[in-house]
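[1] my questions concern the predicted model and sequence given below.
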Amino acid sequence: MKNIGKLLLAITLIAGLMIPAFAESITIKGSTTVYPIAQATAEKFMDMYPEVRISVQGGGSGFGIAAIIDGTTDIGDASRPIKDKEIKKALNKGADPKAHVVALDGIAVVVNPSNSVSALTKQQIKDIYTGKISNWSGAGGSGGQIVVISRDSSSGTFETFNKLALDKEKVRPDALLQASNQAVATTVAKTPGAIGYVGLGYLTSKVKGVDVNGVEPTKDTVRSGEYPLARPLFMYTNGPAKGVVKKYLDFVTSSEGQRLAEKEGYVGLK
Amino acid sequence: MIQREKVYKYIFAGLAFTSLIFLIGITIVLFKEGLPMFKEVGLFEFLGGKYWYPTYEPPDFGILPLILGSFLVTLGALFICVPLGVGSALYINEIATGRQKTILKPLIEILAGIPSIVYGFFGMVVVAPFLQELLGLPVGQTAFTGSLMLGIMATPTVCSISEDALSFVPKSFRYASFATGANRWQTLTKVIIPSAGSGISTAIILGMSRAVGETMTVLMVTGGAAVIPHSIFQPVRTMTATIAAEMGETVLGSNHYHALFAIGLILFLITLIFNIIAELISRRFRIKLGLGR
């Protein structure tokens, strides 16, 4: 028993010594799209300020904003703006979510590299996804059934695509549903007749990004606003950012932070 | 000493009842979060609705395609795991030599230890493209792909419980059968399998509830189209895959959120029924063999 007492004392002392080393901590939760940016910038930020500890979690945009409303996180990531319903909820709970744009994300429409189609209009994309066109011959291709691949209807990428490309019309019910950007890219790469959409960062040589309304999906066209399927990414705070959270957000939007975001496949703000 | 024994008794009793607390907690949460859904949408509209568009305005909350998706994938998995599982159990128990037995049984159990995400990844990257090419399908992620993966995953469950059931059949049954002049095949089909029959049924039902509740693999390999399936070579979406794909992004406390819990509730009731049936059958089996309880 005596030994246990000593052990406990030692643990308490060590723990006591360690706490001042991480005097400040930041919790980040939310969108899996923003996650890589948060993770990369957090790592760099902790290198620069060893006394700060940042923990980054995924969970989705809805989860990130809910965590801001419930006060269980310092920063809530979201790949979409806050919804009216969520604003109402925040008001009820006395929270005051403030948006910070941290990067831009373009959504690339992708087809299998063997497909002869390399450009589509927004209208054609809409017709394909809503089921009006179901054969590639109807979209300037050489025929064959179109395999429509979509994201789960509650993902941020789906919401943005649905709004920007489909004007909120329903995706044909027999569209395939994939749970991540990576899964969409893999399925399109393995399925000759497939069409899908992914974040610009997931555009690899294994899939072909098509021009939309004649504009190629690139960083430059997203930044200039020419590319029609692009969106800003957010980090939300409760009230204006203060102290170490502000320092971190300033770092994310700094040229160094933006360089890290670009390295993860997103489009920098400048 | 007596004192100490009493303390241990309470500690272990406490531990044994902990799982009961978890069960009650989960059940309460499922009902509490799932039932509000039926104030918005009637039970039959929810179960029989043909469209699942939870995030549109106005939303559609029909889970018939999801129920049928789960049903189809599970049924397909049964056609794979029953012959494989029961067949290997028979081989291990009846034919295999001691050496083969010591290798085969652990090997099959390792299959059970592979994480489901690994099966999913394997199915998505290797099996689905292979089937697509082989069968000339427009897309390889189909109910059949899911059945195949789930069938392989449920095989260890079915095999291991069937093998236990077979080994419970008293040696005297076998000797009695041989003594009447029956050969090995007759003994197996007329005596051993019927005696272990309810144990094997239990194994199949537990394998089935494993298949119906499996999530990650089906999410990755069945394609996820929420339509009423017309063929097994068509993409489908199961109830579990829907919950897994959508829960992370849904607004807390919204109708969609309650709808996902309601799906969870229905799934829970389905597996509960499976387990009760399995328990009833296994009880009958024990009585039949004179094992009591």
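    In hand now; what should we look at?
[2] hey, where'd the strands end up in chain A?
    A:24-30, A:52-59, A:75-78, A:97-111, A:119-120, A:147-151, A:176-178, A:194-199, A:208-209, A:211-212, A:230-238 (DSSP state E).
[3] and of those, who's closest to B:V41?
    With respect to B:V41, and counting by Cβ to Cβ, the nearest of the strands of chain A is strand A:176-178 at 21.2 Å. Where you see a C-beta, it was placed from the backbone N, CA and C, and this is true even at glycine.
[4] packing partners of the closest one?
    strand A:147-151, helix A:181-190 (3 or more Cβ pairs under 8 Å, 6 or more residues apart in numbering or on different chains; DSSP states H and E).
[5] any chance of these in CSV, plus mean pLDDT and distance to chain B?
    As requested, those are arranged in CSV below (pLDDT from 0 to 100; distance: least, Cβ to the nearest Cβ, whole Å):
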stretch, mean pLDDT, distance to chain B
strand A:147-151, 93, 5
helix A:181-190, 89, 4
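[6] one step back: now tabulate the strands of chain A in JSON lines and tack on distance to B:T155 and mean neighbour count.
    Putting these into JSON lines (distance: least, Cβ to Cβ, whole Å; neighbours: other Cβ atoms under 10 Å in any protein chain shown) gives the following:
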{"stretch": "strand A:24-30", "distance to B:T155": "39", "mean neighbour count": "21"}
{"stretch": "strand A:52-59", "distance to B:T155": "33", "mean neighbour count": "18"}
{"stretch": "strand A:75-78", "distance to B:T155": "41", "mean neighbour count": "30"}
{"stretch": "strand A:97-111", "distance to B:T155": "36", "mean neighbour count": "22"}
{"stretch": "strand A:119-120", "distance to B:T155": "45", "mean neighbour count": "19"}
{"stretch": "strand A:147-151", "distance to B:T155": "30", "mean neighbour count": "26"}
{"stretch": "strand A:176-178", "distance to B:T155": "27", "mean neighbour count": "26"}
{"stretch": "strand A:194-199", "distance to B:T155": "31", "mean neighbour count": "26"}
{"stretch": "strand A:208-209", "distance to B:T155": "39", "mean neighbour count": "20"}
{"stretch": "strand A:211-212", "distance to B:T155": "47", "mean neighbour count": "20"}
{"stretch": "strand A:230-238", "distance to B:T155": "44", "mean neighbour count": "24"}
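[7] may I have the phi/psi pair for the closest residue to chain A within the stretch 101-250 of chain B?
    Taking Cβ to the nearest Cβ, chain A has its nearest neighbour within the stretch 101-250 of chain B at B:G224, 3.1 Å off. B:G224 has phi and psi values of phi 80, psi 30 when expressed as degrees, to the nearest 10.
[8] coming back round to it: any chance of a markdown table for the helices and strands packed on strand A:176-178, columns distance to A:G58?
    Listed next are the helices and strands packed on strand A:176-178 as a markdown table, based on distance: least, Cβ to Cβ, whole Å:
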| stretch | distance to A:G58 |
| --- | --- |
| strand A:147-151 | 15 |
| helix A:181-190 | 13 |
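[9] right, so of the ones you listed, which gets closest to B:P59?
    Comparing the helices and strands packed on strand A:176-178 by Cβ to Cβ, strand A:147-151 comes nearest, at 16.5 Å.
[10] give me the contact list for the closest one.
    A:128-129, A:131, A:157-158, A:161, A:171-172, A:174-179, A:181, A:184, A:187-188, A:191, A:193-197, B:138-139 (Cβ atoms under 8 Å, 6 or more residues apart in numbering or on different chains).
[11] in the chain, which spans are helices?
    Using chain A. Here chain A has its helices, by DSSP state H, at A:2-18, A:35-48, A:61-70, A:84-93, A:122-130, A:156-164, A:181-190, A:219-223, A:243-253, A:255-263.
[12] you answered for a different chain; I wanted chain B.
    Secondary structure of chain B (DSSP H): helices at B:2-34, B:37-40, B:43-48, B:64-90, B:98-113, B:116-122, B:128-135, B:143-168, B:171-179, B:184-187, B:193-213, B:216-221, B:239-247, B:255-288.
[13] among these, which is nearest A:K247?
    helix B:239-247 (33.4 Å).
[14] just checking, what packs against the closest one?
    Using 3+ Cβ pairs under 8 Å, 6+ apart: helix B:239-247 touches helix B:64-90, helix B:216-221, helix B:255-288.
[15] deepest-packed of these, please.
    helix B:216-221 (a mean of 29; mean count of other Cβ atoms under 10 Å in any protein chain shown).
[16] got a list of what B:L35 touches?
    Contacts of B:L35 (Cβ under 8 Å, 6+ apart): B:262, B:265.
[17] make it 10 Å
    Counting by Cβ atoms under 10 Å, 6 or more residues apart in numbering or on different chains, B:L35 touches B:258, B:261-262, B:265.
[18] can those residues go into a markdown table with extra columns for pLDDT and distance to chain A?
    Output for those, formatted as a markdown table (pLDDT from 0 to 100; distance: Cβ to the nearest Cβ, whole Å):
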| residue | pLDDT | distance to chain A |
| --- | --- | --- |
| B:H258 | 93 | 14 |
| B:F261 | 94 | 14 |
| B:A262 | 95 | 15 |
| B:L265 | 94 | 19 |
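[19] closest to B:A245 out of these?
    The closest of those, once distances to B:A245 are taken by Cβ to Cβ, is B:F261, at 14.9 Å.
[20] for B:M37, see how far away the closest one is.
    7 Å (Cβ to Cβ, to the nearest Å).
[21] pLDDT weak spots in the stretch 151-293 of chain B?
    By pLDDT under 70, the weakly predicted segments of the stretch 151-293 of chain B are B:249, B:285-293.
[22] give me the most central residue, the chain.
    Because you didn't say which chain, this covers chain A. Among the residues of chain A, the one closest to the centroid is A:T33, at 1.8 Å (Cα atoms, centre = their mean).
[23] ah, I was thinking of chain B
    Short answer for chain B (Cα atoms, centre = their mean): B:R210, at 1.8 Å.
[24] pretty sure that residue contacts B:T217?
    No: B:R210 lies out of contact with B:T217 (Cβ atoms under 10 Å); the separation is 11.1 Å.
[25] okay, and the common contacts of those two?
    With Cβ under 10 Å, 6+ apart, B:R210 and B:T217 have common neighbours B:150, B:153.
[26] beta partners of the one residue in chain A that gets nearest to chain B?
    Of all residues in chain A, A:L177 sits closest to chain B, at 3.1 Å by Cβ to the nearest Cβ. Judged by DSSP bridges, the bridge partners of A:L177 are A:S150.
[27] so what's it up against?
    A:149-153, A:155, A:158, A:171, A:183-184, B:52, B:141, B:219, B:222-226, B:235, B:237, B:241-242, B:245-246.
[28] swap in B:I273?
    Shown in contact with B:I273 (Cβ under 10 Å, 6+ apart): B:205, B:209.
[29] again with B:T250
    A:60, A:62-63, A:66, A:152-154, B:54-55, B:243, B:256-260.
[30] if you set the cut-off to 7 Å instead, what comes out?
    A:62, A:154, B:256-257, B:260 (Cβ atoms under 7 Å, 6 or more residues apart in numbering or on different chains).
[31] what of A:G196?
    Counting by Cβ under 7 Å, 6+ apart, A:G196 has contacts A:110, A:149, A:184, A:187-188.
[32] give me the pLDDT value at B:L75.
    Here, the pLDDT recorded for B:L75 equals 94.
[33] do A:F63 as well
    87.
[34] what's it in contact with, if anything?
    Here A:F63 is in contact with A:29-30, B:248 (Cβ under 7 Å, 6+ apart).
[35] repeat that for B:G253.
    So B:G253 contacts nothing (Cβ under 7 Å, 6+ apart).
[36] list phi and psi for it.
    phi 80, psi 0.
[37] do you know which of the helices of chain B lies nearest A:D211?
    helix B:128-135 (27.2 Å).
[38] which helices and strands sit right next to that closest one?
    helix B:143-168 (3 or more Cβ pairs under 7 Å, 6 or more residues apart in numbering or on different chains; DSSP states H and E).
[39] first vs last residue of stretch A:258-269, how far apart are they?
    Across stretch A:258-269, the terminal residues are separated by 7 Å (Cα to Cα, to the nearest Å).
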